[in-house]
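# My questions concern the predicted model and sequence given below.
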Amino acid sequence: MGDENFESQVIKLYKEILLREPDKTGLYFFTSQLKSQKMNVEDVKNSLLNSEEGKTIQNFSHYSDKYWNELSAVIQYKNKLSTDNESLTWLDDLKNRFSNVIPFKKVLIVGCGNGWVERQLFDSKIGLDFDAFDISQKYIDEAAQLSGNRPIKYFIDNVNTMEKISEEKYDAIFNYAVLHHTENLDYAMKKLSKALKPDGLMFNEEYVGPARNQYSEEQLFYMFEVMSELPEKFRNKHPLRPALENFRIEPTEAIHSDLVIPAFKKYFETVFERNMNGGIAYQILWNNIEHFKNYDNPEVKKWLEFILTKDDELTKQGKVPVLFWYGVGKSKMT
């Protein structure tokens, strides 16, 4: 086998496992090892998988499916912060807080995913007719199938361009944790502001913490301080500040999250907003929810309440930033 074939195999493994081109040193080393038969392809693969970089990428993929709000106590905590009622989500609270403008005749859903938001809004009689877009054909197909006979029009569009979104068309726009993925955030906010009818409303639940989840040393200090009080089994075994290499997997994750609120307030007049905290609890519970699921267990209840109490206290004291935010606004552009 020629040198070029050895190199191509190494390059292929780097792209599959580390999601990048090999550096010169790595390419030379693994190519020479294959050529001299000191290593085979499986050895190279295992070496890359077991490297710190490889493990970090694998851990990121693992943790991304396990969020703090999968825990019922966290849901109640966020509900209390956003609606003053631990049993009421902000979506369920809309009919109380915005009863004078509901139902909305024409609604836009930004980055609809599998369509759960618009289905809930229609079934709750909050919205009557919906447009919903996503960049993923897979999600659009799934959402369309699940929508049944509901009046929802699905289409492909990119939140960075929104080429199919018309001006002054919507009575309400809903963004559920999509804009922190937006590269062209200022343009997107301006476009959405113009898409509202006069007196229309835009609703957001967003991650608004530090970009790329790069938490400050001060914030990490308080996270570790709280975590040190926990029994060993409840402590997070993963890094509390994800490595930047992780974001090769999801390159738009939290890309401009710290700019979401400033961009929103540039193009929208704030009607209602609440902080939903997270500066401590979100990361301590990151990929660490298994031991906290049995909330009926007194020990679990004690320590989860401890984490959430510290989260609230340290946020109110200004020692850690707000990571999650609920905001409603009227357009400044129409």
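In hand now; what should we look at? Numbers count the residues shown, from 1 in each chain.
# In terms of secondary structure, what does the strand ranked longest in the chain contact?
If you go by DSSP state E, the chain has its longest strand at strand 196-207. Judged by 3 or more CB pairs under 8 Å, 6 or more residues apart in numbering; DSSP states H and E, strand 196-207 is in contact with helix 90-97, strand 170-176, helix 260-267, strand 324-331. Quick note: C-beta positions are derived from backbone N, CA and C, even for glycine.
# one more time with 7 Å
strand 170-176, strand 324-331 (3 or more CB pairs under 7 Å, 6 or more residues apart in numbering; DSSP states H and E).
# Tell me the buried residues in that strand?
Leu196, Lys197, Gly200, Leu201, Met202, Phe203, Asn204, Glu205, Glu206, Tyr207 (16 or more other CB atoms under 10 Å).
# List the buried residues of the helix or strand that that strand is followed by.
Per DSSP states H and E, strand 196-207 leads on to helix 217-227 as the next helix or strand towards the C-terminus. Applying a neighbour-count criterion of 16+ other CB under 10 Å, one finds Gln219, Tyr222, Met223, Val226, Met227 buried in helix 217-227.
# As JSON lines, these with distance to Glu52 would be great.
Shown next, in JSON lines, are the buried residues of helix 217-227 (distance: CB to CB, whole Å):
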{"residue": "Gln219", "distance to Glu52": "23"}
{"residue": "Tyr222", "distance to Glu52": "26"}
{"residue": "Met223", "distance to Glu52": "21"}
{"residue": "Val226", "distance to Glu52": "26"}
{"residue": "Met227", "distance to Glu52": "22"}
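# Between the residues you listed, which sits nearest Glu273?
Nearest to Glu273 out of these is Gln219 (CB to CB; 21.7 Å).
# shouldn't that closest one be in contact with Lys319?
No: in this structure Gln219 lies outside contact range of Lys319 using CB atoms under 7 Å: 8.0 Å.
# residues contacting Trp90?
Ser82, Thr83, Glu205, Tyr326 (CB atoms under 7 Å, 6 or more residues apart in numbering).
# mind redoing it with 6 Å?
Ser82, Thr83, Tyr326 (CB atoms under 6 Å, 6 or more residues apart in numbering).
# now swap in Pro103 and tell me
Here Pro103 is in contact with Lys125, Ile126, Leu128 (CB under 6 Å, 6+ apart).
# repeat that with 10 Å
Leu94, Lys95, Leu121, Phe122, Ser124, Lys125, Ile126, Gly127, Leu128, Asp129, Asp171, Ala172 (CB atoms under 10 Å, 6 or more residues apart in numbering).
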